[in-house]
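Undergrad: What follows is a predicted structure for the sequence shown.
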Amino acid sequence: MEADKAVFGRTSDTLTRRGFLSGLKGLSILLGAEVVYGRFMPAGLIPAAFAQSDSPFTIEGKEGLVVLNDRPVNAETPAHLLDDAVTPAKHFFVRNNGIVPQNPNANSWSLTIEGESAKQSRTFTLDELKAEFTHYTYQLTLECGGNGRAEFSPAATGNQWTTGAVGCPRWTGVRLKDVLQAVGVKEDAVYIGYYGDDQHLSRTPGKAAISRGVPIHKAMEDESLIAWEMNGEPLPLMNGYPLRLVFGGWPASTSGKWLKKIVVRNKVHDGAKMLGKAYRVPCKPVAPGTSVADEDMCIIEAMPVKSLITFPQSGSTHNVSEPLKLRGHAWCGESAVDNVYVSIDFGQTWQATTLTAPVNKHAWQHFDAKLRFPQQGYYEVWAKAVDKQGKSQPMVLPGWNPKGYLNNACHRIALKVV
Ligand SMILES: Nc1nc2c(c(=O)[nH]1)N[C@H]1C(S)=C(S)[C@@H](COP(=O)(O)O)O[C@H]1N2
Ligand SMILES: [Mo]
């Protein structure tokens, strides 16, 4: 019992995430179990048993999310609560840049399409959008560009997301391209930008909290939606009720919530959080801690290949006589995931998993594997996805960048085999 407490209790008093000292013997005592593949364990690695946090908090309509910030509200989903094939609304993360609109009225809601590269300016009520265009439903993965930021060193400012700023619900709405084509798009259009109904934290009238967008080719994809439903229900308020954009596979910051206006631009959209360091990374890799000039920063487009182990929960106990049925999801912003591999020996050997095909473009895929353990002790299970272009998740942090975006390092869980 004491040993269990050492492994699974909150250890932050005695250990800090960045300050852990390795030493296998001491480590085994703290973990309450032998680190079976300890000789392969990278020096300085913080055991996954200590790298987890769980402090439940309630946001209306949400369950089990970990709140990272309450002004504005930002909350992520613990990995084991993302176990469903289709993410339930109550477990879908929340990322706000400004002040959430109060009681938005779906009946009087309207969306305006305008901009220098729109052939005309047109306003649709929500009912008109629903009546005039064909409805589509897709399961689309949204991941915040800053998911995984917490691991960067030197640390990046902003919400310290670990692994939970991702989800893949079913979205229903109309195709953005159908609406844009009905309004008319000029030859010189290169980008679209969005404006939402949330306020800047300063409450300065007319100042947007965020106004991002995507190039025209992404806007014109079949799966790019103006959506009003998540899993067959109206969008939760925190996720953009009554109307939002959904661009699967791209940084979720492009998927404007509480959508009021779309501008069709003849240049790259220059709204709030399109410039400077926001949602941009150095065009060329830099050494950690380098200060990078704004003109050397490039806009993040498709998200990299990634995976998440959603069962068992990190910190679980498993019986050595039974095979462990592990499962999770994998996704990537472009093409699809080719396979996911898992390791129980700190990456010395890898076992291929069984991976499903995506239900549609930009839906995450599910993997499962049966694992056997040679003896009792402490293990970590690591998962590594490889996409159809042959790109793999790195086992350690990928390219450092000033704002801590695009961390797609392998996910790992702690396991005690008894
Ligand atoms: N209007 C508006 N849209 C927004 C944001 C916002 O603050 N305001 N945040 C963006 C960011 S950075 C992300 S990661 C996603 C998060 O979507 P979610 O809160 O539904 O999970 O919404 C995007 N769309
Ligand atoms: Mo984000």
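TA: Right, received. Where do you want to start? Ligands and ions are numbered 1, 2, ... in the order given.

Undergrad: The closest residue to ligand 2 within the stretch 251-400 of the chain: what's it in contact with?
TA: Closest approach between the stretch 251-400 of the chain and ligand 2, counting by Cβ to the ion: Ser253, at 4.1 Å. C-betas here are computed from N, CA, C, even on glycine. By Cβ atoms under 8 Å, 6 or more residues apart in numbering, Ser253 lies in contact with Arg95, Cys144, Gly145, Ile210, Arg212, Lys273, Tyr279.

Undergrad: Check Leu68 too.
TA: Listed by Cβ under 8 Å, 6+ apart, the contact set of Leu68 reads Asn74, Ala75, Glu76, Asn159, Gln160, Trp161.

Undergrad: Now name the helix or strand holding it.
TA: For Leu68, the element it lies in under DSSP states H and E is strand 66-70.

Undergrad: Roughly how far does Ala208 sit from Leu180?
TA: Going from Ala208 to Leu180 by Cβ to Cβ, to the nearest Å gives 21 Å.

Undergrad: whoops, Glu223 was the one
TA: As judged by Cβ to Cβ, Glu223 and Leu180 stand 15 Å apart.

Undergrad: ok, the two, which is more surrounded?
TA: Applying other Cβ atoms under 10 Å to Glu223 and Leu180 shows that Leu180 carries more neighbours, namely 23 against 20.

Undergrad: Using the three-state scheme, assign the more buried one.
TA: Here Leu180 is helix, with the state taken from DSSP: H, G, I helix; E, B strand; the rest coil.

Undergrad: I'd assumed Asp188 was in a strand, is it?
TA: No: the assignment for Asp188 (three-state DSSP) gives coil, which keeps it out of a strand.

Undergrad: That one and ligand 2: what is the separation?
TA: From Asp188 across to ligand 2, the span is 29 Å (Cβ to the ion, to the nearest Å).

Undergrad: Let me know whether that residue touches Ser117 as I believe.
TA: Yes: the pair Asp188 / Ser117 is scored as a contact, 5.6 Å apart, by Cβ atoms under 8 Å.

Undergrad: Find the residues that touch each one of the two.
TA: By Cβ under 8 Å, 6+ apart, the residues touching both Asp188 and Ser117 are Asn266.

Undergrad: more crowded one of those two?
TA: Shown here are Asp188 and Ser117; by other Cβ under 10 Å, Ser117 has more neighbours (21 against 11).

Undergrad: Apart from its neighbours in sequence, what residue is nearest the more buried one?
TA: Spatial nearest neighbour of Ser117, excluding adjacent residues (Cβ to Cβ, 6 or more residues apart in numbering): Ala189 at 3.7 Å.

Undergrad: residues in contact with that neighbour?
TA: Contact analysis of Ala189 by Cβ under 8 Å, 6+ apart lists Ser117, Ala118, Ile216, Val264, Arg265, Asn266.

Undergrad: can you pick the most crowded of the residues you listed?
TA: Highest count within these by other Cβ under 10 Å belongs to Val264, 27 neighbours.

Undergrad: just how off-centre is the helix or strand encompassing Thr310 within its chain?
TA: If you go by DSSP H and E, Thr310 is part of strand 306-311. In terms of Cα atoms, centre = their mean, to the nearest Å, the gap separating the centre of strand 306-311 from the centre of its chain is 12 Å.

Undergrad: Which element is encountered next along the chain beyond that strand?
TA: Proceeding N to C from strand 306-311, the next assigned helix or strand is strand 316-318, under DSSP H and E.

Undergrad: From the contact counts, what lies against the helix or strand following that following strand?
TA: Sequence-wise, the next helix or strand downstream of strand 316-318 (DSSP H and E) is strand 324-331. Contacts defined by 3 or more Cβ pairs under 8 Å, 6 or more residues apart in numbering; DSSP states H and E place strand 324-331 against strand 306-311, strand 337-343, strand 365-371, strand 377-387.

Undergrad: what are the pairing partners of strand 324-331, and which direction each?
TA: The pairing partners recorded for strand 324-331 under DSSP bridges are strand 306-311 (antiparallel), strand 365-371 (antiparallel).

Undergrad: Can I get the longest one in PDB, CA atoms only?
TA: The C-alpha atoms that make up strand 365-371 are tabulated as PDB, following Å, rounded to 0.1, in the frame of the first residue of the first chain:
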ATOM      1  CA  GLN A 365      -7.500   6.400 -36.400                       C
ATOM      2  CA  HIS A 366      -7.600   3.800 -33.600                       C
ATOM      3  CA  PHE A 367      -4.800   1.400 -32.600                       C
ATOM      4  CA  ASP A 368      -4.700  -1.500 -30.300                       C
ATOM      5  CA  ALA A 369      -2.100  -4.000 -29.200                       C
ATOM      6  CA  LYS A 370      -1.700  -7.000 -27.000                       C
ATOM      7  CA  LEU A 371       1.300  -6.600 -24.700                       C
END
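
Undergrad: any idea how far it is from the chain center?
TA: On Cα atoms, centre = their mean, the centre of strand 365-371 falls 20 Å from that of its chain.

Undergrad: what does it rub up against?
TA: With Cβ under 8 Å, 6+ apart, strand 365-371 has contacts from 85, 307, 323-331, 336-337, 339-340, 342, 344, 351-358, 381, 383.

Undergrad: Is there a quick ChimeraX command that grabs whichever of the residues you listed are buried?
TA: Buried members of these, defined by 16 or more other Cβ atoms under 10 Å, are picked up in ChimeraX with:
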select :307,324,326,327,328,329,330,331,336,337,339,340,342,344,353,355,358,381,383
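
Undergrad: re earlier: to ligand 1, which of the helices and strands packed on strand 324-331 lies closest?
TA: Ranking these by their distance to ligand 1 (criterion: Cβ to the nearest ligand atom) puts strand 306-311 first, at 14.6 Å.

Undergrad: what's around the closest residue to His362 other than its chain neighbours, how many residues?
TA: In this structure, His362 finds its nearest non-sequential neighbour in Gly248, 2.8 Å apart by Cβ to Cβ, 6+ apart. For Gly248, the neighbour count with other Cβ under 10 Å is 29.

Undergrad: circling back: can you redo the contacts of Leu68 as JSON lines with neighbour count, pLDDT and secondary structure?
TA: Shown next, in JSON lines, are the contacts of Leu68 (neighbours: other Cβ atoms under 10 Å; pLDDT from 0 to 100; DSSP: H, G, I helix; E, B strand; the rest coil):
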{"residue": "Asn74", "neighbour count": "23", "pLDDT": "94", "secondary structure": "strand"}
{"residue": "Ala75", "neighbour count": "25", "pLDDT": "95", "secondary structure": "strand"}
{"residue": "Glu76", "neighbour count": "27", "pLDDT": "97", "secondary structure": "strand"}
{"residue": "Asn159", "neighbour count": "20", "pLDDT": "94", "secondary structure": "coil"}
{"residue": "Gln160", "neighbour count": "19", "pLDDT": "95", "secondary structure": "coil"}
{"residue": "Trp161", "neighbour count": "26", "pLDDT": "96", "secondary structure": "coil"}
